[in-house]
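Colleague: Sequence first, predicted coordinates after that:
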Amino acid sequence: MTTKLVAHSALVVDDDVMARTIHKRLFEREGWLVKAVVNGHEAVELFRQGDRFDLVLMDKEMPVLDGVHATTELRAMGVQCHIVGVTSCTDSLEVESFIGAGLDAFYAKPLNPAKLGRIIQHFHDDDRRQ
């Protein structure tokens, strides 16, 4: 009898093409199925259209709809998946505002394989508790 591994899915939301590409590739190296969009509005629209993800990696500062407002909107829509915020912003009040919007975790940019490993570990630890 063979065990079929189920891939997890992630949505990477970032307006910076380099960050978006790097984050997408880091998840893909870990076997995740990944979709990427350039702003919070596109992320919200995907969920409105019925797309579902296990984890959303949400940048804070983006045009059209930033990460704080997109996270707030997703939570108001009843989205329960893990939302992990990322930003290069160092202002503690802005970071607290982002976390308060409904994040499950927060990490400073830039992400690297070690930080992504912690994000995935946090996801799996929470997943086992449910």
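Modeller: Thanks, I have the structure now. This structure is a prediction, so every number in the text was calculated from the model and none was measured.
Colleague: quick one, what contacts the residue nearest to the spatial centre of the chain?
Modeller: When CA atoms, centre = their mean is applied to the chain, the residue found nearest the centroid is L57 (1.5 Å). Neighbour list for L57: 10-14, 23, 27, 84, 86, 119 [criterion: CB atoms under 8 Å, 6 or more residues apart in numbering]. Glycine gets a C-beta too; all of them are placed from N, C-alpha and C.
Colleague: Next up, phi/psi of it, please.
Modeller: Here is the backbone geometry of L57 (degrees, to the nearest 10): phi -100, psi 110.
Colleague: Could you find the closest non-adjacent residue to it?
Modeller: Leaving aside its sequence neighbours, L57 sits nearest to V12 (CB to CB, 6 or more residues apart in numbering; 4.9 Å).
Colleague: helices or strands next to the helix or strand harbouring the one you found in the packing?
Modeller: Taking DSSP states H and E as the criterion, V12 maps to strand 9-13. Secondary-structure packing of strand 9-13 (3 or more CB pairs under 8 Å, 6 or more residues apart in numbering; DSSP states H and E): helix 17-29, strand 33-37, helix 40-48, strand 55-59.
Colleague: What is the burial count for Q121?
Modeller: Neighbour count for Q121, taken as other CB atoms under 10 Å: 10.
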